[in-house]
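# build me a structure from this.
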Amino acid sequence: MLLRQGDDYDLGLSHQPTFEDDKDVPTVDEHLQTAGAEAFNRFQKRINNLDKELRNFSNAARQLGSSAAILSSAFHLRTRIAHILYLYRLNAADLYPRKIKPPVSTFSGPEADDKIQRDSQRSKRSHRLLRKHRALPHVARPMVDSNMDLEEFPNQFEALAKEVTTFVNCLNEFPEFTDEAVNASISSFEGDLKYWANCLNNYRGQLRYPAVQRYVQDLALEMGEHIDSITSTLSMFIEVGVPTIRFAQKHGATNLLNLSTVATFFSAVTATTLQFSFELENTTGDAVNSFWFLSLVFSIAAAVNSLLGLTWKQAMYRSPGHRVPWWVLIWIKRSPLIFLVLSVACFSIGLCLFTYASGQSRVTSTITTVFTVFTSFGLAAVSAWFASERWAFTHHRGKKWLGDILVEVNEKFLQLPGISSITHGLRLSSEWASMRVASAGTKLRRVKSITKSIISSDGEKASDVENGIATTLSPDDMNVPSLALGRRRPSETSPASALMDYSSAAPASRSPIPMSPNGSLNSPTSPTSVSVGRQLWKNAFRTVKMSTAISNPMVTRSPRRQRTTSSSLIPTDRKRIMAEPPVKAIVRSRVAKLVPKLKCLEPTQDIAAHQALVRHLQFSPDGKLLATSSWDRTSVIFRVQNSVITHHRTLAHAKGFVGQVAWSPTGHLLLTKLNRAVKVWTQVKQPISFRRVLAEFDGVCQRTIERPAYVESITWFPGGEAFLSVEGSNVTKLVRPFSVLGTYDFGSMKLQDVAVTPDCTRLLGVGPLLESPGGLRPSKSRAEKRLTVYNLDRKEIEHATPVLNDVKDITLARSSRAGLVALVSYENKAPPQLWKLEMVKDVARLTLRHTYMPKTQVDFAGPSYFGGKNDELVLCAGKAGDIHIWDQESGALLHHVRAQDLGGDLTCIAWNHAEDNPFMFATGSHDGALRIWTKIERQSETHSSILNNQHPFTRSSSPSEIEDMQRTDSPLTQQEFESSFANSMESLDTGTGPSTTSGNRERVVAFATTYPLNAAAD
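I've put the predicted structure just below:
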């Protein structure tokens, strides 16, 4: 029963119910309203930041040449993102009406009519103004079409993809600077936009459904990441790229301006010289006038073309260079320099001829001619070098420089037969000459060194005599410098040790030096006494310094701790995911009775069931057996009696991990899923003689069904006559005796799990899209996931609902007051959701009913399941150890087990539907442990009953594996098992068996027996 408003009963819960898509509930949950409004506001802020950066970019690019295209592209991009923001506001106003107001143009009534009239008058006035003053592209304000509808989302996404592509193409029109970061971010955004548009085209006519609207709203988070990336890279481009382009264009304009100045000056010089030659009437004079007139023409052409190129480079509306015809580009860029070179050449030739025509002396004519030829040769050589570099770049695509080409040509030339011999002879002669020069230089250096030594020795003798320094030293004195100058590394010698070494060597060095009575040194002459005396003084100073260092040792400074990021972080309270006010509503007695029954649930048994991760758990329909699967290649069956479980069977699997167990609706068959196979285990009665020793039933592997593809999951039909194997995009139906009856294709979906409706007419499948209907894949964002309704009679997809989170599992409730509902589980931190299957115009579709929000942010582990005898509960486990239990119909959180109270990494959870008073469920953990939760007061009663029913444990295996077993199905040997079994039986007899409290664990493994088994199923 749904919670009703206006009741005084307070259940003490911390959450309000989550109602969505229900006609009997007027509003959605307050938390969803707040969270959705905050998400939209963040998206709006991102759009505004991008619009601001585009405006800044337009203002910065306005100063660049050929910027008209990029300015127009930026304006159209701003207009498109304004349309996207308008649609998202319209969509958010439908989903969260109490938090987000719709756009003004969507109001109805007199206010809307007044606004439409004002807008029409404003548009008329603006149209008249635009006739006189048309705004530039970067100045105009984007206008939004207020007649857009939510069905325009695919079209707007495609248009936005085109606009961002045009923008990046216009950005690459500037050859002066190319930013790979901008190209990469915009390219990924373009790919995702096309993918989203292609996927949304599949929902034409359904974009106003709340489920599709919610998916579109979730896309805002993915789009916001792209927008943030583009905004940051665009800001960096404004700071680095625009100044670089401006500098390059300014540099080219400066070159043209300098060229124009030189050409103008040269034309003036040519015009001046013409005043001296136009009166010459001989043939040489006519030639002079011809060349100088040509020089004047070329110089004027160079000046004018330089100014023309300067104007063209600085024009905003000019076309990019690669879009201009080649002859126009050559005339603008190359003609000024060519004309100037021709002008200089003509003027130089005319100058040489003028020296002869004007009757100058022979010396003047010769010197002018020689230097003109020399300078002209240099000009021609440099021009030829420039042209050759251009040819080398065009021919080798920038892989070789002109110098490398010349070196290769030179090597090929030297390898010619005649040239190689000549080169060898020249090399030998050059080596001989260099050796002779080197020997002569060596002899000269020897003579210089001998002369310097003689001069220096004479000077030292004279100085020693004048200073009165002794020149006789004992042989021990020669060791003083070596002792004093002996070096050690600082790590090997301390100041004290250095002082001791020196003091021990000092007496031997001071004794042979004669001293005068007044303490001064005697003055016998010796050529080596000066250097030794100076060294002694240096050693004395060094000793003083060392003693000072010892007397004043350095204070050892304690290491100073630097503040790191981790130490500077202050833990702050996280934002609460949902509101905390208690549920104040009238609830039925059923809901009131649930909370006390859930509060008393505690862990009563903790068993080491496996040696690896527990992958899946499931109780049998009658609640008497519990099956587990693990990555240790075993599946363990436990017997449930009086809310206490005991080991019953260990089902060994020689190949691969056991990923799932599935009991048939009657409980007589058990399926275990491997990677590419499904094992079918059945129950058969044993002979009468064994019933006292063995359990009442013994399981045997009836068949191993090999599958060609990886098996994602397995699901039984409601009647138990067949089961489904989910394999990629196909679902295979296998009927007893488990032969393939049919295959159902889900198109481009990669199915994760399926569920069968009770009437066996439809399948509900969940999974991601491998590609969009147009064959596109996302470049950066998450792929679309779908909840699909498949019609088994028509063998086609009847309806699809898009979601963005990673969906993993779907489970149908056996009974519900609200009709046929399905529990959908997601991976990571996405909470489980309850979807209702409704018929709309003879088409079945899923609508969201509840989102079960946890108390805090939780990383969920494994699928969520229905609990209670009539599936009135929803329970889910967190990887850290959290357990949440909600009321299925109201969505209220009834019970929460905190992670620190439970401990351990949970991997899966299962509810025993047959146990109603008290409740009972089981959890599996990462270390292979199995924990049972129930009411702890019943432990003493059930423990004594278990002690009276002592049975030996046996194991069932596949018939093909009993005869010839090449591996041990358990990590324990047979002797170890017998000893452990005997110890366990002894402990049971003495009453000192393992405790059933949560602190102890038991490990029981069963092995194969050789009793004859019948393979026929019940």
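# what packs against whichever strand or helix holds V216?
Assigned by DSSP states H and E, V216 belongs to helix 210-236. Here helix 210-236 touches helix 30-61, helix 68-95, helix 180-200, strand 796-803, strand 843-851, going by 3 or more C-beta pairs under 8 Å, 6 or more residues apart in numbering; DSSP states H and E. Glycine gets a C-beta too; all of them are placed from N, C-alpha and C.
# quick check on the residue positioned nearest the centre of the chain: phi, psi?
Taking C-alpha atoms, centre = their mean, the centroid of the chain lies closest to K780, which sits 8.7 Å from it. When read as degrees, to the nearest 10, the backbone of K780 gives phi -140, psi -30.
# and for L671?
According to degrees, to the nearest 10, L671 has phi -100, psi 140.
# and if you look at L875?
phi -130, psi 150.
# pLDDT wise, what is it at?
L875 is assigned 93 on the pLDDT scale.
# neighbours around it, how many?
For L875, the neighbour count with other C-beta atoms under 10 Å is 24.
# ok, now T801?
23.
# all further residue positions should be reported with the first residue as 13.
Happy to do that; since the first residue is 13 now, the last one works out to T813.
# surely it and L858 touch.
Yes. Counting by C-beta atoms under 8 Å, T813 does reach L858; the two are 5.1 Å apart.
# element containing the nearest residue to P677 once chain neighbours are set aside, please.
Of all residues not flanking P677 in the chain, G732 sits nearest, at 4.3 Å (C-beta to C-beta, 6 or more residues apart in numbering). Assigned by DSSP H and E, G732 falls within no helix or strand.
# can you pull the pLDDT of G732?
At G732, the pLDDT value in this model is 89.
# ok, now how distant is it from L638?
G732 sits 19 Å away from L638, going by C-beta to C-beta, to the nearest Å.
# between those two, who's got more neighbours?
L638 (25 against 16).
# residues contacting that one?
Applying C-beta atoms under 8 Å, 6 or more residues apart in numbering to L638 gives the contacts 629-632, 649-650, 652, 657, 922, 924, 934.
# buried residues of the helix holding V228, list them for me.
223-232, 234-236, 238-239, 241-243, 245-246 (16 or more other C-beta atoms under 10 Å).
# next, the angle from that helix to helix 42-73.
Interaxial angle of helix 222-248 relative to helix 42-73 (axes from the mean of the first three to the mean of the last three C-alpha atoms, to 10 degrees): 30 degrees.
# average pLDDT across helix 222-248?
92.
# and the closest residue to F278 other than its chain neighbours, what element?
Once flanking residues are discounted, F278 sits nearest to S311: 4.6 Å by C-beta to C-beta, 6+ apart. Using DSSP H and E, the element containing S311 is helix 295-326.
# let me have the helices and strands packed on helix 222-248 in TSV, extended by mean pLDDT.
Output for those, formatted as TSV (pLDDT from 0 to 100):
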stretch	mean pLDDT
helix 42-73	90
helix 80-107	92
helix 192-212	91
strand 808-815	94
strand 855-863	91
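# quick one: residues contacting T178.
85, 88-89.
# okay, the angle between the helix or strand containing it and helix 42-73?
Using DSSP H and E, T178 sits within helix 165-183. On the basis of the same axes, to 10 degrees, helix 165-183 is oriented at 30 degrees to helix 42-73.
# hang on, C713 packs against A664?
No. With contact defined as C-beta under 8 Å, C713 does not count as touching A664 (9.3 Å).
# which of the residues in the helix holding T178 are buried?
Buried residues in helix 165-183 (16+ other C-beta under 10 Å): 165-166, 168-173, 175-180, 182-183.
# skipping its backbone neighbours, what lies nearest T276 in space?
Using C-beta to C-beta, 6+ apart, the nearest residue to T276 is A315, at 4.6 Å.
# any idea how far the one you found is from C358?
Relative to C358, and taking C-beta to C-beta, A315 is found at 15 Å.
# W847 now?
If you go by C-beta to C-beta, the gap between W847 and C358 works out to 89 Å.
# before we move on, what about V607?
Noted for V607: a distance of 106 Å to C358, by C-beta to C-beta.
# got phi/psi on A624?
A624 adopts backbone torsions of phi -140, psi -170, taken as degrees, to the nearest 10.
# that one: neighbouring residues, count only.
For A624, the count of nearby residues is 15 (other C-beta under 10 Å).
# do S451 as well
10.
# over to S461?
Neighbourhood size, S461 [other C-beta under 10 Å]: 10.
# so which elements touch the helix or strand hosting it?
Using DSSP H and E, S461 falls within helix 429-479. Helix 429-479 is packed against helix 414-426, helix 541-563, with contacts defined by 3+ C-beta pairs under 8 Å, 6+ apart.
# by how many degrees do the first one and helix 429-479 diverge?
Just to be clear, that refers to helix 414-426. Interaxial angle of helix 414-426 relative to helix 429-479 (the same axes, to 10 degrees): 110 degrees.
# what are the buried residues along helix 414-426?
Buried residues in helix 414-426, defined by neighbour count with 16+ other C-beta under 10 Å: 414, 417.
# tell me the mean pLDDT for that helix?
Per-residue pLDDT over helix 414-426 has a mean of 83.
# CA atoms of that helix as CSV?
Provided in CSV are the C-alpha atoms of helix 414-426 (Å, rounded to 0.1, in the frame of the first residue of the first chain):
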residue,chain,number,x,y,z
LEU,A,414,69.1,21.6,-48.8
GLY,A,415,72.5,21.2,-47.0
ASP,A,416,71.8,17.4,-46.8
ILE,A,417,71.1,17.2,-50.5
LEU,A,418,74.3,19.1,-51.3
VAL,A,419,76.3,16.7,-49.0
GLU,A,420,74.8,13.7,-50.8
VAL,A,421,75.7,15.2,-54.2
ASN,A,422,79.2,16.0,-53.1
GLU,A,423,79.7,12.4,-51.9
LYS,A,424,78.5,11.0,-55.2
PHE,A,425,80.8,13.4,-57.0
LEU,A,426,83.8,12.3,-54.9
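# for that helix, what is the distance to the chain centroid?
Its chain's C-alpha centre and that of helix 414-426 lie 49 Å apart, by C-alpha atoms, centre = their mean, to the nearest Å.
# before we move on, the earlier item: take the helices and strands packed on helix 222-248 and write them to CSV, including distance to S279.
Converted to CSV, the helices and strands packed on helix 222-248 look like this (distance: least, C-beta to C-beta, whole Å):
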stretch, distance to S279
helix 42-73, 37
helix 80-107, 34
helix 192-212, 46
strand 808-815, 73
strand 855-863, 82
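# for the nearest residue to V607 once chain neighbours are set aside, grab the count of nearby residues.
Among residues not flanking V607 along the chain, L906 sits closest, at 5.5 Å (C-beta to C-beta, 6+ apart). Residues near L906, counting by other C-beta under 10 Å, number 22.
# that's a strand at L906, yeah?
Yes. The assignment for L906 (DSSP: H, G, I helix; E, B strand; the rest coil) places it in a strand.
# report the contact partners of it.
With C-beta under 8 Å, 6+ apart, L906 has these contacts: 25, 603, 606-607, 610, 885, 897-899.
# let's verify A834: helix, strand, or coil?
strand.
# surely it touches R857?
No. A834 is not in contact with R857 according to C-beta under 8 Å; the separation is 11.9 Å.
# mutual contacts of those two, please.
With C-beta under 8 Å, 6+ apart, A834 and R857 have common neighbours L849.
# leaving out sequence neighbours, find the closest residue to I239.
Distances taken as C-beta to C-beta, 6+ apart place R58 nearest to I239, at 4.6 Å, with adjacent residues excluded.
# typo on my end, R101
P115 is the one closest to R101 (C-beta to C-beta, 6+ apart), at 5.5 Å.
# ok, now S400?
Closest residue to S400 apart from its sequence neighbours, by C-beta to C-beta, 6+ apart: L414 at 5.5 Å.
# one more: V738?
E724 (4.3 Å).
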